[in-house]
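> sequence and predicted structure below; questions after.
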Amino acid sequence: MIYRKTTKETLAESLRELSESKSIDKITIREIVENCGMSAGTFYNHFKDKYDLIAWIYLNQMESITKEYLEQENGWLSSLTALLRVVNKDHIFYKNALKNTAGQNSFFEAASQRSIELMRDVIRERKGADLTKEEEFDILFYLKGFGYCIEAWIVQGLPYTEEELAGYLSRTIPVNISSYLGEKQGQ
């Protein structure tokens, strides 16, 4: 079967391509659409601004990986490893997004917030009940630290392989949420 890219995927590819040679904060909507032969109207039918597109790129990748791997044994470790491979493969884009977005347009904050929401949803579904205050805190604390570690790995070039970093991040899951992610503490 022939796979056809969606409009969102085409716009994302255009932004990624432009980000290889230009700071994301300097790329305009006009450049994104001209690079892929679309109109600004088409862009705005799908995204409110380029920062919405940047967040969509990450979230689209993260959510598909999470859904694919979480059902496996050691699902969280498998998800982390797969996510880090994607981020590392596209490290020029992610480094640019992390370094050149801030404030209300911060890629880091958008990605962190959506990661927190996704983990809350997964745990709530698997638990079959609302989260406790302690679980809410542990998710927030864990994923903020998780995000900073990935940011340092990409931006500063921390010397870890994808597998090493995934192992470290998996090992630090708080005990009261690890069982909901298919992980045993200390693995």
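Looks like it arrived, so ask away.

> can you tell me what sits against stretch 14-33?
11, 35-36, 38-40, 42-44, 49-50, 53-54, 57, 90, 92-93, 96-97, 99-101 (CB atoms under 8 Å, 6 or more residues apart in numbering). Every residue, glycine included, has its C-beta placed from N, CA and C.

> derive a ChimeraX selection command for the buried subset of those.
In ChimeraX syntax, the buried subset of the contacts of stretch 14-33 is picked out as below (16 or more other CB atoms under 10 Å):
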select :11,35,36,38,43,50,53,54,57,90,93,96,97,99,100,101
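
> next step: the contacts of stretch 14-33 restricted to helices.
Members of the contacts of stretch 14-33 lying in helices (criterion: DSSP state H): 11, 35-36, 40, 42-44, 50, 53-54, 57, 92-93, 96-97, 99.

> between those residues, which sits nearest residue 144?
Comparing those against residue 144 with CB to CB picks out residue 97 as the nearest, at 17.5 Å.

> distance of the closest residue to residue 35 other than its chain neighbours from residue 50?
Beyond its immediate neighbours in the sequence, the residue positioned closest to residue 35 (CB to CB, 6 or more residues apart in numbering) is residue 14, lying 4.3 Å away. Relative to residue 50, residue 14 is positioned 11 Å away (CB to CB, to the nearest Å).

> repeat for residue 22
12 Å.

> do the same with residue 105
8 Å.

> again with residue 90
Per CB to CB, residue 90 is found 16 Å from residue 50.

> check residue 17 too.
With CB to CB as the criterion, residue 17 and residue 50 are 14 Å apart.

> ditto for residue 106
According to CB to CB, residue 106 and residue 50 sit 13 Å apart.

> over to residue 102?
14 Å.

> what do you get for residue 87?
In this view, residue 87 and residue 50 are 19 Å apart by CB to CB.
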